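Engineer: Generate coordinates for the sequence data below:
(2 chains)
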Amino acid sequence: MYSETNEKRLDEIISHYPVKRSAILPALFIAQEEHGYVTDDDIRYLARRLEMRVNEVEEVVTFYSMYSRKPIGKYKLQVCRTVSCYLNGAEQITERISRKIKCGVGETSADKKFTLSEVECLGYCDLAPVIQVNFDYHEKVTPDRVEEIIEGLR
Amino acid sequence: MTKVLTSRFELQGKAADISIYVRTGGYKALKKALKELSPDQILNEVKKSSLRGRGGAGFPTGMKWGFVPKESKRPTYIVCNADESEPGTGKDRDLMRYDPHQMIEGMIIAAYTLKSRTSYIYIRGEYWYIKEILEKAIAQAYQRGYLGKNILGSGFDHDMYVHPGAGAYICGEETALLESLEGKRGHPRLKPPFPAVVGLYGGPTIVNNVETLAAIPWIVLNGGDAYRALGTEKSGGTKLYTLSGHLNRPGNYEVPLGYPLISLIENEGGGMRDGRKLKAVIPGGSSVPIITAEEAQNCKMDYESVAAVGSMLGSGGVIVMDETTDIFETTRNITHFYMHESCGWCTPCREGTRWLYKVFERMHHYEGRPGDVELLLDLADKILFKSFCPLGDAAAMPVQSAIAKFREDFDRRIKQSFVQIRTAAD
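Structural biologist: Below you'll find the predicted structure:
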C-alpha cells in the first residue's frame, strides 16, 4: 500500500518489537507522510498489518495530537502557546500568522498551503517563542520573522 | 564547576559523531563497567551517588534499579524517557542533540547492570530531528561494537531502538509511556505493581529520564562518592536547569545541587530583562507550586531546600517572571495546558481541569463572579490527590499556590469584572 521504501521501513520498524502492535505510532507517521493525513484506508491497512482491530487503531490515532484524520495544509504552522512562549509574546505570533495567511487557529488557508494551530509546550522554552513548521523548529521568532518564514514557503 | 552532563556542549553537536565522542573520553565508562566491574558493584556506585530521577519525580535511581528482581521469566527492559514535555523544560533536548552517545552509553551500562537485552528510547514525536541524531548515533555504536552481540568481547548482548511518541504529555508518566510503547493510548497503569517488577510486555522495566542516564558514565568512571560530593549531603551531583521567561540569557545551565536560585537567575541567566524586578519563579516546571521573589531570595536549588519553600525541584524547568507579569494570566495559561493534556482516564482530572479552565475563562473575559476565586480553590482541592495519576495534582498545585501567593492578581479580575458591568450599565 505504501511506497517500496516505506514498506521496507515499516518491516524494519516492526522487527524492533516482540509485539507488532508496538509499531503503530511510527507506522502512523509513515501513513501521514504518504497521504498528508491518516485516511480510513490507512487505518484498515495498518490494522491488518499490525494485527490490531480497526477500532484499536482508531483509538490510538485520535489520542495523539500529532495525527490528523482530515486533510490539512502542506505546511503545518504550529505556534507554541504554553507558559514560557506565552511570556515571550506567543499570542502576537499567532495573531500575525493568522493575518498573514488569512485564516484562524485550527483552520487551513484558502490556497490549502497552510494550517495554523496553537500547540502545547514544544520543549523550546529557553528559546521562546518558538514555532514548528511541519517538523522544523524556528526559535526566538518575532512577528516580522514569521512573515519572512511564511514568504519563504510560498 | 565540574561538568558531569554538559562537558561536550561547547562542541555544539560535534560530539554526536562517535569518533569525537570517543576522543573526548567517551565509552571509557562502558569499557570499565564491562571489564572491571560486576553488575552489583555498578549498582552500588549508583546507590552511593545519591542520583535521583531527573525527570521530575526525584526518586532515587539506585533504589529503583534495586527493585528489579534477580530472576525473571520475562525479559528485562531499559526504557529511556525522552518524552520531555513539562512546560519550562528543554534540557533533555540539548543532552540528546549535543551529546547523544553519553546517554546511550549510560543506557548500555544500565542494561549490563540489570541484565537487559533490549532497550528503547521513547522520544517525543516533535523532536523528530533529534530522533534522527539518536538513530545515527546508535548505528555508529553498533559499528564500533558498543551495541549488538558480544559487546567488547564481554559476552553481553544488547539492542537499542528509538521509538517516537506522537504528541501527548501524559506519556511522560512512566506507566502511560509503557502503554504507548505497547501501541495503545497513553493511559497510566495502576501501581503497584511498579514497572521495575511488571513493566513493558509484562517484564521488569526500568524507565529513566535522559538526564539521569546521561549521568551514569561519569558515576562509573569517577565513583558514586565523587558524584555525591559535587552536591549537598542529601542531594548529590549536578543538575541541568532550563531557564526561561523574562531573563537576559535564558538557556540550559548545569550547576551543582544546592546552588542558590538567585545566582542561577543573576549569573547564569544574566539577570532580569530590561532591568525589571523579579516577581515570581516556578522552580521545577509548570507542575510545581509557584514561589514569590522573596522566597526565591534565599532558596537553594536542591530537593530539600526547594521543598522548604513549599515547592519542588521537579524537572528543573525554572520559569522566571518579572514585575509586569499577571499571575492570573500565567496560571490560566498553565491550566489550559493541563486541560488539554489530561488523558481522560479518570473523572477528577478530566472534568476538574475543564471546570477550572471554564472559571479562568470567564474571569479572563471580565465575567467573573464574587466567589470565583474560592470556587477555583474548591475545584483544585477536588482534584488534588484524587486523580488516578499525578497529572491531576500537577493541574491543581499551580492554581492553589498562585492564589495563595498572588491573590491580588485574581481579586483584581473579579473587581474589574464589576467595574465593566457597571460601565456597561451606565
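Engineer: top strand in chain B by residue count?
Structural biologist: When secondary structure is assigned using DSSP state E, the longest strand within chain B turns out to be strand B:238-245.
Engineer: does any part of it sit near chain A?
Structural biologist: Yes. Contact between strand B:238-245 and chain A, assessed by CB under 8 Å from any CB of the partner chain, occurs at B:242, B:243, B:244, B:245. (Glycine included, C-beta is placed from N, CA and C.)
Engineer: I'd like to know how far the nearest residue to the second one once chain neighbours are set aside sits from residue B:242.
Structural biologist: Right, the one you point to is residue B:243. Ranked by CB to CB, 6 or more residues apart in numbering or on different chains and with sequence neighbours excluded, the top spatial neighbour of residue B:243 is residue B:269, at 4.5 Å. When CB to CB, to the nearest Å is the yardstick, residue B:269 and residue B:242 sit 11 Å from each other.
Engineer: tell me the pLDDT at the residue nearest the centre of chain A?
Structural biologist: Of all residues in chain A, the one closest to the mean position by CA atoms, centre = their mean is residue A:66, 4.5 Å from it. Residue-level confidence at residue A:66 comes out at 97, pLDDT.
Engineer: got it, and residue B:1?
Structural biologist: At residue B:1, the predicted lDDT confidence score is 85.
Engineer: my read: it touches residue B:255, true?
Structural biologist: Yes. Distance between residue B:1 and residue B:255: 6.4 Å, which falls inside the contact criterion (CB atoms under 8 Å).
Engineer: out of these two, which sits in the more crowded spot?
Structural biologist: Each of residue B:1 and residue B:255 has its neighbours counted (other CB atoms under 10 Å in any protein chain shown); residue B:255 has more, 21 against 10.
Engineer: what residues are up against that one?
Structural biologist: Taking CB atoms under 8 Å, 6 or more residues apart in numbering or on different chains as the criterion, residue B:255 is in contact with B:1, B:238, B:239, B:241, B:264, B:268, B:301.
Engineer: Of those residues, select the buried ones using a ChimeraX command.
Structural biologist: Only the buried entries of the contacts of residue B:255 go into this ChimeraX selection, using 16 or more other CB atoms under 10 Å in any protein chain shown:
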select /B:238,239,241,264,268,301
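Engineer: Could you find the closest non-adjacent residue to residue 69?
Structural biologist: Let's take chain A. Spatial nearest neighbour of residue A:69, excluding adjacent residues (CB to CB, 6+ apart): residue A:38 at 5.6 Å.
Engineer: you looked at the wrong chain, it should be chain B
Structural biologist: Nearest non-adjacent residue to residue B:69, counting by CB to CB, 6+ apart: residue B:204, 5.8 Å away.
Engineer: do residue B:340 as well
Structural biologist: The shortest distance from residue B:340 to any non-neighbouring residue, by CB to CB, 6+ apart, is to residue A:120 (5.5 Å).
Engineer: Near the one you found, how many other residues are there?
Structural biologist: Neighbourhood size, residue A:120 [other CB under 10 Å]: 22.
Engineer: which residues in chain B form strands?
Structural biologist: Listed from the start of the chain, chain B has strands (DSSP E) covering B:77-82, B:118-123, B:159-164, B:205-209, B:238-245, B:251-256, B:259-260, B:278-282, B:291-292, B:300-301, B:317-322.
Engineer: residues touching the residue nearest to the spatial centre of chain B, list them.
Structural biologist: In chain B, the C-alpha closest to the average C-alpha coordinate belongs to residue B:55, at a distance of 2.8 Å (CA atoms, centre = their mean). If you count contacts by CB under 8 Å, 6+ apart, residue B:55 has them with B:81, B:172, B:208, B:209, B:210, B:211, B:212, B:315.
Engineer: among these, which are in reach of chain A?
Structural biologist: Of those, not one also sits near chain A (CB under 8 Å from any CB).
Engineer: By neighbours, which of those residues wins?
Structural biologist: residue B:315 (34 neighbours).
Engineer: Who are the packing partners of the helix or strand residue A:100 falls within?
Structural biologist: Element membership for residue A:100, per DSSP states H and E: helix A:90-101. Packing contacts for helix A:90-101, counted by 3 or more CB pairs under 8 Å, 6 or more residues apart in numbering or on different chains; DSSP states H and E, involve strand A:75-80, strand A:114-119, helix A:143-153.
Engineer: Tell me who's in contact with the closest residue in space to residue B:57 that isn't next to it in sequence.
Structural biologist: Here the nearest residue to residue B:57 in space, its sequence neighbours aside, is residue B:390; by CB to CB, 6+ apart that works out to 7.9 Å. By CB under 8 Å, 6+ apart, residue B:390 lies in contact with B:57, B:173, B:287.
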